[in-house]
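Student: Sequence first, predicted model second:
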Amino acid sequence: MTDDVREDVCDFYDRYPYPRPLDSLDAYRAQWQDPQRRHADFHLHWPTRPYREDSSILIAGCGTSQAAKHAIRWPSAKIIAIDLSATSIRHTEELKRKYNLTNLQVHQLPIDRLPELNSTFDQIVCTGVLHHLRDPDAGLRALRTVLNPHGTMHIMIYAPYGRAGIYMLQDFAHRLKIRATDDNIRDLITALRLLPPGHPLENLLRQAPDFRHEAALADALLHPQDRAYSVPQLFDFLHAAGLTFARWIKQAQYFAHCGVLSRIPQSTRLAQLRAIDQYAAAELFRGTMLRHSFIAHRDDDEIHPISFAGTTWPTYIPIRTPETILVEVKDRLPPNAAAVLINQSHIYTDLFLPITDPQKLLFDTIDGTRTIAEITERTFSSPPDQEHLETARSFFEKLWWHDQAVFDASNQSQN
Ligand SMILES: C[S@@+](CC[C@H](N)C(=O)[O-])C[C@H]1O[C@@H](n2cnc3c(N)ncnc32)[C@H](O)[C@@H]1O
């Protein structure tokens, strides 16, 4: 990155730190006391590795609170956080002091100077950062050089189609030479209230209450450096940096088997595509994705993805995702459904999963320690026959597709 652009970005975040600084992480800390939440998070990243809490974690471009949150979440882990902006570092240091986070080190450092830390990491979290770099490829390569051989990266980058309205208003602001100052942002908020109905930005303003805050608006519309990646561009981006895609953080919205995509006439054809083509088609059909949030590995790491096709799935231990709720409002259920499972963190409301009575019994028997085989045996209270096993297999596969469960598959393969 040239020094000019870096200074612009740094100056921007010093004046408009994003996300909005937090004073209290008490609620966050209480949430993460739940061991199931920590297990679900660990096995989302490492389905086939035995659970542990002492990983080394880099938060690259930590912003105001992300690093402190990780340090609270994983008290036995060693967390290193870097950010370009002095304001972000100051907010992080304040949270570090307030919550006595002795497992957290914070450095004011750009990503391209990562080698100066002389450290490598089991996990790298870099969300909302790479698309702001002048040279995102060099940034991703720099992260790759400090990732341990079996490490995982959680990356979030912008997606183009859902942000079309943002790029139009960025261009509008650019043509009018509107810079990120408090007065300009106030005026921009006034103008946005008068945006004509049907403008591509309108939907987004309605959906994202965050935009009422100046820093969020500045981050979206007046950022000095910002690009977005479609699914194929994202895969090229990873490939060029020596990384392999592992999974989406929330995958249901990309899958032909879930929600509206399972009901379109082209659904079967969609499901037969290669995974990358299926995801690309899902992005085009949904049309409103704002970001892609996913996990990647080094391309020399052997990945054992969760699969319900072979013979090992009965040994998987399902863990419910913490955002999933079971809803049993009788008069609002689809025909033949005993309940509906909803992952409350899904942005798209079509991604609910109706379940039958036997499936509900299976779901109720998940406790984060039993394998699918044990759950099936318990639920049907006898050694399961072929039909029961197939009921279980297809149900747990659906839970997987719909982000209702993650799986601890560490007992079937310890790489
Ligand atoms: C949108 S914020 C995201 C913060 C955080 N990752 C999160 O998701 O909450 C982007 C952050 O990246 C930082 N940043 C931008 N360019 C950077 C670079 N080259 N090296 C390190 N940090 C950078 C900014 O200062 C800012 O704090």
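Tutor: Yes, it's here. Numbers count the residues shown, from 1 in each chain.

Student: Every contact and neighbour count from this point should use C-alpha atoms.
Tutor: OK.

Student: Longest strand of this protein, counting residues only.
Tutor: Counting by DSSP state E, the longest strand found in the chain is strand 147-158.

Student: Just the helices from the stretch 151-300 of the chain, written as ranges.
Tutor: In chain order, the stretch 151-300 of the chain shows helices spanning 164-175, 182-193, 202-207, 214-221, 231-240, 267-271, 275-286, with DSSP state H, counting those that start in this stretch as the criterion.

Student: in this structure, which ranges drop under the pLDDT threshold?
Tutor: Counting by pLDDT under 70, the chain shows low-confidence ranges at 1-6, 209-212, 412-415.

Student: hmm, try it at 80
Tutor: Per-residue confidence of the chain (counting by pLDDT under 80) places the weak regions at 1-20, 203, 206-219, 223-224, 329-335, 381-384, 412-415.

Student: Not counting its neighbours along the chain, what's nearest residue 383?
Tutor: Spatial nearest neighbour of residue 383, chain neighbours left out: residue 377 (5.5 Å); criterion: C-alpha to C-alpha, 6 or more residues apart in numbering.

Student: Verify the stated contact: that neighbour with residue 386.
Tutor: No - taking C-alpha atoms under 8 Å as the definition, residue 377 is not a contact partner of residue 386, at 11.7 Å.

Student: With neighbour numbers in mind, choose between the two.
Tutor: Between residue 377 and residue 386, counting by other C-alpha atoms under 10 Å, residue 377 is the more crowded of the two (18 against 9).

Student: Point out the residues in this structure that sit beside the ligand.
Tutor: 10, 13, 18-19, 61-63, 66, 83-85, 88, 109-111, 126-129, 133 (C-alpha under 6 Å from any ligand atom).

Student: Among those residues, name the ones in strands.
Tutor: Taking DSSP E as the definition of strands, the residues of the chain next to the ligand contribute 83, 126, 127.

Student: Scan those and report the most crowded one.
Tutor: The most neighbours of any of those, using other C-alpha under 10 Å, belong to residue 83, which has 24 neighbours.

Student: List the single closest residue to that residue in space, sequence neighbours excluded.
Tutor: With C-alpha to C-alpha, 6+ apart, the residue lying closest to residue 83 is residue 61, at 4.4 Å.

Student: ranking the helices of the stretch 151-300 of the chain by burial, who's on top?
Tutor: Ranked by mean neighbour count, the helices of the stretch 151-300 of the chain are led by helix 214-221 with a mean of 22 (mean count of other C-alpha atoms under 10 Å).

Student: Can you point out the buried residues in the lengthiest helix in the chain?
Tutor: In the chain, assigned by DSSP state H, the helix with the most residues is helix 386-401. The neighbour-count check on helix 386-401 (16 or more other C-alpha atoms under 10 Å) flags 388, 389, 392, 393, 395, 396, 397, 398, 399, 400, 401 as buried.

Student: ditto for stretch 65-82
Tutor: With burial defined by 16+ other C-alpha under 10 Å, the residues of stretch 65-82 counted as buried are 65-74, 77-82.

Student: how long is it from one end to the other?
Tutor: 12 Å (C-alpha to C-alpha, to the nearest Å).

Student: what angle sits between the helix or strand hosting residue 358 and helix 386-401?
Tutor: Counting by DSSP states H and E, the element that carries residue 358 is helix 357-365. For helix 357-365 and helix 386-401, the angle between their directions (axes from the mean of the first three to the mean of the last three C-alpha atoms, to 10 degrees) works out to 60 degrees.

Student: Please export the C-alpha coordinates of helix 357-365 as CSV.
Tutor: As requested, the backbone C-alpha atoms of helix 357-365 are provided in CSV (Å, rounded to 0.1, in the frame of the first residue of the first chain):
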residue,chain,number,x,y,z
ASP,A,357,-42.1,-35.1,14.9
PRO,A,358,-39.3,-37.7,14.6
GLN,A,359,-36.8,-35.0,13.5
LYS,A,360,-37.8,-33.0,16.6
LEU,A,361,-37.1,-36.0,18.8
LEU,A,362,-33.6,-36.2,17.2
PHE,A,363,-33.1,-32.5,17.7
ASP,A,364,-34.1,-32.6,21.3
THR,A,365,-31.6,-35.4,22.0
